[in-house]
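Trainee: prediction below, plus the sequence it came from.
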Amino acid sequence: MNIKISSHGHYIPKKIETAEEVSKKINKSPDWIISRTGVKNRRISNIDVDKMGALAAKDALKNTSNPDLIINASGVPKQTIPDTSVFIQKELGLSGVPSFSVHSTCLSFLTAFHTASSLIESKQYKKILIVSSDRGSIGRNFNEPESASLLGDAAAAVILEPSINSQVMSYKMETWSEGAEFTQVKGGGTYRHPDNPKTIDNDHYFTMSGPNVYKMARKKVYFMIQKTLKANNLTINDIDFVIPHQASNTAIQAYSKFGGFPDDKVMNIIADYGNCVSASIPLALSIAIKERKIKRGNIVLLIGTGAGLSVASSIIKF
């Protein structure tokens with residue numbers, strides 16, 4: 001598909017919460033947090049996801065014309081109804097622009113990217129804004145030290161348009177439902193409704209079995225990389241840069257340790273920003289472009305995992 005990322009942007013909250021500050025909330029040492037997660041600092045937002053997303057979108061739109069479609073690709077909504085994309089559009093001061101959400105937890109950006117690319121390829125739209133915005137910090141369960149020390153807040157956005165030189169070379173996603181209970185927020189839907197006598201406060205907080213996720217995901221990601229490269233007649237050496245979901249430092253290092261990619265070809269911002277849920281991949285992408293780690297013509301692998309358990313990847317010619 002002849003699609004290009006014509007613009008990008010991100011919003012990073014000003015407030016920094018250090019490992020030392022988090023350590024007091026989870027009764028663990030800063031060294032324990034850093035050794036387990038790799039997160040030294042994370043950002044804490046004092047504004048909600050729609051405002052965060054709109055700030056990232058404004059950074060991406062800059063002074064260009066308005067998009068003809070807005071896709072919200074965030075992990076957790078502002079509220080159940082209406083859709084968060086509506087609130088993002090409102091914050092942008094727009095009206096009449098079709099808007100909807102694509103939701104696949106930490107992989108929401110990748111699935112939205114594929115959806116938007118397909119819509120542009122079909123000539124339904126010419127300029128699509130994708131926004132990922134998450135306040136992971138607000139859903140932390142401090143009784144779960146490892147997951148609580150991982151999460152942070154951020155938003156990122158990209159503009160997709162038709163192209164001659166850039167392209168989406170591939171997209172692949174696989175889901176294994178045996179991992180459905182490894183990563184959860186049980187509340188907020190019909191399962192643990194407020195009127196359900198079984199519902200407890202902890203149902204509304206993030207919970208994760210880190211060891212189970214890593215054990216399952218590492219093998220699935222490895223095979224995803226092999227299959228994706230083979231299907232596109234590529235080798236590891238053909239990939240100029242890798243943008244992985246910032247799940248944890250261990251997970252990111254696995255792309256080098258087990259995947260075979262050189263360390264300097266793998267984007268790693270986990271120490272400064274933590275796991276920003278759906279915003280992790282587009283934030284890492286936006287920063288990489290801004291720092292010129294990715295240049296026009298580069299072959300880039302976008303890849304990550306999401307609750308479910310799902311793995312998805314996309315190879316793009318930037």
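Mentor: Perfect, I can see it now. Numbering: from 1, shown residues only.

Trainee: which pLDDT does the model give Ser209?
Mentor: The per-residue pLDDT reported for Ser209 equals 82.

Trainee: what residues are up against it?
Mentor: 181-183 (C-beta atoms under 8 Å, 6 or more residues apart in numbering). C-beta here means a position set from N, CA and C on the backbone, and glycine is covered the same way.

Trainee: same check, this time on Ser137
Mentor: Counting by C-beta under 8 Å, 6+ apart, Ser137 has contacts 17, 42, 44-45, 151-153.

Trainee: now with 10 Å, please.
Mentor: For Ser137, the contact set (C-beta atoms under 10 Å, 6 or more residues apart in numbering) comprises 13, 15, 17, 22, 42-45, 148, 151-153, 206, 274, 276.

Trainee: any of the contacts of Ser209 buried? List them.
Mentor: For the contacts of Ser209, a burial check counting by 16 or more other C-beta atoms under 10 Å picks out 182-183.

Trainee: point out the least confident one among the contacts of Ser137.
Mentor: Lowest pLDDT among these: Phe206, 86.

Trainee: returning to that earlier point: for the contacts of Ser137, which ChimeraX command selects only the ones that are buried?
Mentor: A single ChimeraX command is used to select the members of the contacts of Ser137 judged buried by 16+ other C-beta under 10 Å:
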select :13,17,22,42,43,44,45,148,151,152,153,206,274,276
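
Trainee: how about the contacts of Ser209 in a markdown table, adding pLDDT and distance to Lys126?
Mentor: Putting these into a markdown table (pLDDT from 0 to 100; distance: C-beta to C-beta, whole Å) gives the following:
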| residue | pLDDT | distance to Lys126 |
| --- | --- | --- |
| Glu181 | 90 | 42 |
| Phe182 | 86 | 40 |
| Thr183 | 85 | 36 |
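
Trainee: which ones among the contacts of Ser209 lie within strands?
Mentor: Thr183 (DSSP state E).

Trainee: name the nearest of the contacts of Ser209 relative to Ser85.
Mentor: Checking these against Ser85 by C-beta to C-beta gives Thr183 as the nearest, at 23.7 Å.

Trainee: check contacts around the nearest residue to the closest one once chain neighbours are set aside.
Mentor: Here the nearest residue to Thr183 in space, its sequence neighbours aside, is Ala307; by C-beta to C-beta, 6 or more residues apart in numbering that works out to 3.8 Å. By C-beta under 10 Å, 6+ apart, the contact set of Ala307 is 75, 104-107, 175, 179-185, 206, 208, 213, 277.

Trainee: quick check: the gap between Ala307 and Gln184.
Mentor: Distance of Ala307 to Gln184, computed by C-beta to C-beta, to the nearest Å: 7 Å.

Trainee: between those two, which contacts overlap?
Mentor: With C-beta under 10 Å, 6+ apart, Ala307 and Gln184 have common neighbours 206, 208.

Trainee: tell me where the stretch 101-250 of the chain has strands.
Mentor: 128-135, 153-162, 167-175, 183-184, 207-208, 241-244 (DSSP state E, counting those that start in this stretch).
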